Each structure stands twice: as structure tokens, then as C-alpha cells.
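A.B. asks: for reference, the sequence and a predicted model appear below.
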Amino acid sequence: MTLTEKILARAAGRARVEAGENIWVNADILMTHDICGPGTIGVFKREFGANARVWNRERIVIVTDHYIFTCSELARRNLEVLRQFVAEQGIQYFYDVTPPGARGWSFDPALGPLKRQHGPRHAGICHVALPQKGHVRPGEVLFGTDSHTCTAGAFNQFATGIGNTDAAFVMGTGKLLLKVPETMHFVLEGKLAPGVMAKDVVLHIIGRIGFDGATYRAMQFGGSGVAFLSIEDRMTIANMAIEAGAKNAIFPFDGRTAEYVEARTQLNNTKRDYVPVEPDRDQKFVAELVVELDRLEPLVACPPDPSRCKRAAELGDVKLDRAYIGSCTGGKASDFVECARILRGRTVAIETFGVPATPEVVADLQRTYWGEKTIWEILTDAGVQMTENPSCAACLGGPPDTFGRIDKPLRCISTTNRNFPGRMGHKDAEIYLASPATVAASAVTGRITDPRQFLG
Ligand code: SF4
């Protein structure tokens, strides 16, 4: 069996499963957030009853991350629905943006978008917060009401996005009926060259197979190149599996996975035991594709979809209005570090927004010194508007007062994962997706730029 089949067989209490079978799977964790949580809760109450109890209050994780630093009354109402439900059910893991005791809290525009406004429980964007807070474990099943839940496949976990109705069912029963996906195998060989990042790997793959090339399939990564990818690199690649239509992504378990998961579960006092899955000799793949990492170049996905990949070097004529560094794909500490490597001692030529994925990323950047300056200072000195309020921000457009939202038909280069029309706000804006290094280099020149020209 493939890695995905092995996890699903275990979660179904079976010795074997085959691709195409419909099976009942037990969930380990259900994650929801401020956008889909209220809808999920509504369906749960409608179908299970107003006084129903959730299946397991320790296995439901609720995050506030999408529309939180905004004055929108609708967004505030969503947060209230979550708070009420958490209190009523005794949900153990609720990462609330609100400072404790500040009932009715909402974003204060007078304080501005840059200075911290959140309380200590805020954890930032769900897909980065979940592993940081010790909620992902190898060999387990994670369902989340968000398509980029597949990010946790980086940790040898079956993780997939589900709709509100399915999530309400999981909330009430702890199970879900699903079809075992076929598995595609991506063999990563070699090592990335300087200036080439994990984002380039996944853009390359989506460019090769198309935005529907892995529809309802598992994308399993393997090969000697995996060992050279950090955990955050693997998260970036797994995050964008859904941009090829995949059901999930999955990486093999190794020492890096163990180190990360053990540190995080211990730190946060979450469940520490887990059983990873190892590859079998008789795995059956529906397709296999070799990616030679050392031959990859910085890539850019042109609008209107993430599969329109071109080499950054051939897009030098594309003039830009804005750059954006952030999201669950490109707002991790390592992403900002790569930006800082390019931006150190330079100045951006276009408006550039930086939105760290989690408060932990903010703290890392603010306490790590390169010489006299922190990484945070290197970025702000270069002219990047860095906010201390981690959230999805403009990745999904958001209410009109969202930080970094594109309100005009601008051309933006971004570390995010989707570039469909209207994704970051204005429907006529053009979004170019690229690695943090390429976004930083392009911010300096004001045109799409291969970052290798700035590296020694
Ligand atoms: S950062 Fe963007 S892609 Fe990630 S969860 Fe938020 S809105 Fe979705």
C-alpha cells in the first residue's frame, strides 16, 4: 500500500484498502476556523440537535485567522459564534485572536494595522499554527474546513480539506466516509540550487501536470531529494497540492519530522505518541514523475491560475505595482529569512507588504540578529510594511479594510498560493505567484526578477 492507503486502512480498522474503495475513516483531529466554523456549527446544531455534544472536545481545534483584523461587523459576529460554541462545548483548543476578558473585542483602526492588536492565545494561520501548536502527528488523520489543510501532509499525515456539512458530521461522530484516492508518486532527486526554493518545486510540478493534474489523488513525495528539504520546505510543497486538485499530499517520515513533532507536542503538552507510516515495497502508483531539484530555476505562475508557469528570467518585461509576502504558503519564518537575504542593504521599489503567518514567526524575526539588525529591521529598513498581526490578510482579499488587500487593478507578485481573478481583492488585479526570494528580488527592481542576480 502507499503511505496514504496505509494511514486510511489504519484509520478504518482494516488490514488493507485499495484505491477507489469507499471506507469509513476515524478522525484524529478536526480543524475549523472563523470563516467555515460558524457554518459548520450551524449544520451540526441543525442535524444533531441544539443541545448535542461534540464527539470529542479535545480533538476539535478552532482557529481565528481569516477575517480578524478588520472592523467588519460580519467578521466580528463570526468570532462571537465561535466563542459561544467553545464555551458551551468546553472545546479545549481555541486559538482566539481576542485578548482574554475583552468580550466584544474588535480591531481598532486608530491603532493602525502594523502594531500588535491580538491577545496571547492568537496562533495565526491555521496551517502553520497547527504544527507549531502540536496538533499534527505522523500516521494520523486530520480533517479541516479549509482546502489547504493538505499542508500537514508534510508531517507524514493524511490531511485533507472538507466542506462544512462533512465537518459537521465529523464534529458529531468523529468519522467520515471517503473514497481512497489513487496515488501519484513524485520522486525528488538532487538538491535545490541557491535562489531556488520549495515554492519553485511545487510550481514546477503544477506546471507539468496542470491545475487539475492530480484531481482526487494523493501526491506522495519521495526520492533522495526529500532529505535536503526542511520541514517548512515540505509544508510549502504539500500546501499547494490542492492547486493541482489533489485530495492530499504526503511526505515520508524521517528524523526531521520526528524532531519537529516531538518538540512541538512536548512544548504544547499535546498528545505525544504517534505511529508513522513507512513505504511498502509493493506500492502501486497511478503515475510517477521524477523532479531533478538541481535543474530547477526560479519560476513564476502567471495569472489566471497556478499552472501557468514560466521562468522568472523570461518575465523581466513584466512591470509590477506591488509585492506581497505572507500566507500559509509563503509567510513562514524561513520565507522571510530568504526575503531578508535579498533585501539586506537594499530598498524596495514598489509597495511591499509583509504578513507573518503566526505570532511565532513575528517573534523569530524580531529576535534573530544578523549583525546589528534583526531580520525584522532588515525588512522594514528595506521598506517592507511588516505587520505584527498575523492572519490570512490579503491572501483571500477579505473585507475592504484588510491589510494589503488589492483594491485596484494592480499587478502584484506574491508568495501566496492562488492567483484566480479576484483572489486578493479586485477582480481585474493580476497576481503572479512566486517564491519569497523571487518576490523580494522583484520588489527591489519593480519587475519580475530572477533572485539569483542578487546572490553572490
Ligand atoms: S493564508 Fe490564504 S490560502 Fe492560507 S488559509 Fe489563509 S486564505 Fe487560505
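C.D. replies: On my side now, so go ahead. Numbers count the residues shown, from 1 in each chain.
A.B. asks: so which residues on this protein come close to the ligand?
C.D. replies: By CB under 6 Å from any ligand atom, the part of the chain that sits against the ligand consists of H66, I125, H127, D146, H148, S327, C328, C392, C395, L396, T416, N417. Heads up, the C-betas are built off the backbone N, CA and C, glycines and all.
A.B. asks: what values do phi and psi take at L293?
C.D. replies: Per-residue torsions, L293: phi -60, psi -40 (degrees, to the nearest 10).
A.B. asks: going forward, begin numbering at 14 instead of 1
C.D. replies: All right, first residue 14 from here; so that's L306.
A.B. asks: L280: neighbour count?
C.D. replies: L280 has 11 neighbours, counted by other CB atoms under 10 Å.
A.B. asks: how about the one 5 residues further on?
C.D. replies: In terms of burial, R285 registers 13 neighbours under the definition other CB under 10 Å.
A.B. asks: which stretches in the stretch 14-163 of the chain count as strands?
C.D. replies: Counting by DSSP state E, counting those that start in this stretch, the stretch 14-163 of the chain has strands at residues 35-39, 42-46, 73-76, 106-108, 154-157.
A.B. asks: so in the chain, which strand runs the longest?
C.D. replies: Criterion DSSP state E: the longest strand present in the chain is strand 195-202.
A.B. asks: what comes up buried for that strand?
C.D. replies: E195, T196, M197, H198, F199, V200, L201 (16 or more other CB atoms under 10 Å).
A.B. asks: ditto for stretch 107-120
C.D. replies: F107, Y108, D109, V110, T111, W118, S119, F120.
A.B. asks: let me see the domain layout of this protein.
C.D. replies: Domain segmentation of the chain under automatic domain parsing yields 16-190, 195-269+277-308, 314-467.
A.B. asks: same list (the strands of the stretch 14-163 of the chain) but as CSV, adding mean pLDDT.
C.D. replies: Listed next are those as CSV, based on pLDDT from 0 to 100:
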stretch, mean pLDDT
strand 35-39, 98
strand 42-46, 98
strand 73-76, 98
strand 106-108, 98
strand 154-157, 98
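A.B. asks: may I see the residues of the chain next to the ligand organised as TSV, with neighbour count added?
C.D. replies: Formatted as TSV, the residues of the chain next to the ligand follow (neighbours: other CB atoms under 10 Å):
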residue	neighbour count
H79	23
I138	30
H140	31
D159	24
H161	24
S340	27
C341	28
C405	29
C408	30
L409	18
T429	28
N430	26
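A.B. asks: out of those residues, which is nearest to R89?
C.D. replies: Closest approach between the residues of the chain next to the ligand and R89, by CB to CB: H79, at 12.7 Å.
A.B. asks: one step back: in JSON lines, list the residues of the chain next to the ligand along with pLDDT.
C.D. replies: Shown next, in JSON lines, are the residues of the chain next to the ligand (pLDDT from 0 to 100):
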{"residue": "H79", "pLDDT": "98"}
{"residue": "I138", "pLDDT": "98"}
{"residue": "H140", "pLDDT": "98"}
{"residue": "D159", "pLDDT": "98"}
{"residue": "H161", "pLDDT": "98"}
{"residue": "S340", "pLDDT": "98"}
{"residue": "C341", "pLDDT": "98"}
{"residue": "C405", "pLDDT": "98"}
{"residue": "C408", "pLDDT": "98"}
{"residue": "L409", "pLDDT": "97"}
{"residue": "T429", "pLDDT": "98"}
{"residue": "N430", "pLDDT": "98"}
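A.B. asks: just the ones of these in helices?
C.D. replies: Applying DSSP state H to those, the entries found in helices are H140, S340, C341.
A.B. asks: in the stretch 164-313 of the chain, what residue lies closest to the ligand?
C.D. replies: Closest to the ligand within the stretch 164-313 of the chain is N252: 7.5 Å, counting by CB to the nearest ligand atom.
A.B. asks: the helix or strand harbouring A454 packs against which elements?
C.D. replies: A454 is part of helix 449-458, with elements assigned from DSSP states H and E. When contacts are defined as 3 or more CB pairs under 8 Å, 6 or more residues apart in numbering; DSSP states H and E, helix 449-458 sits against strand 335-339, helix 346-356, strand 424-427.
A.B. asks: skip the chain neighbours and tell me the closest residue to the residue of the stretch 164-313 of the chain closest to the ligand.
C.D. replies: T164 (4.2 Å; CB to CB, 6 or more residues apart in numbering).
A.B. asks: over to A254?
C.D. replies: A262 (3.6 Å).
A.B. asks: surely the one you found meets Q170?
C.D. replies: No. The pair A262 and Q170 fails to qualify as a contact (CB atoms under 8 Å) at a distance of 9.9 Å.
A.B. asks: run the angle between the longest helix along the chain and strand 42-46 for me.
C.D. replies: Identified as the longest helix of the chain according to DSSP H is helix 86-102. If you take axes from the mean of the first three to the mean of the last three CA atoms, to 10 degrees, helix 86-102 sits at 150 degrees to strand 42-46.
A.B. asks: that older thread, show me what contacts the residue of the stretch 164-313 of the chain closest to the ligand?
C.D. replies: Each residue near N252 by CB atoms under 8 Å, 6 or more residues apart in numbering is listed here: H140, H161, C163, T164, V215, C341, T342, N430.
A.B. asks: if you set the cut-off to 7 Å instead, what comes out?
C.D. replies: N252 makes contact with H140, H161, C163, T164, C341, T342, N430, according to CB atoms under 7 Å, 6 or more residues apart in numbering.
A.B. asks: how about T178?
C.D. replies: T178 neighbours (CB under 7 Å, 6+ apart): V56.
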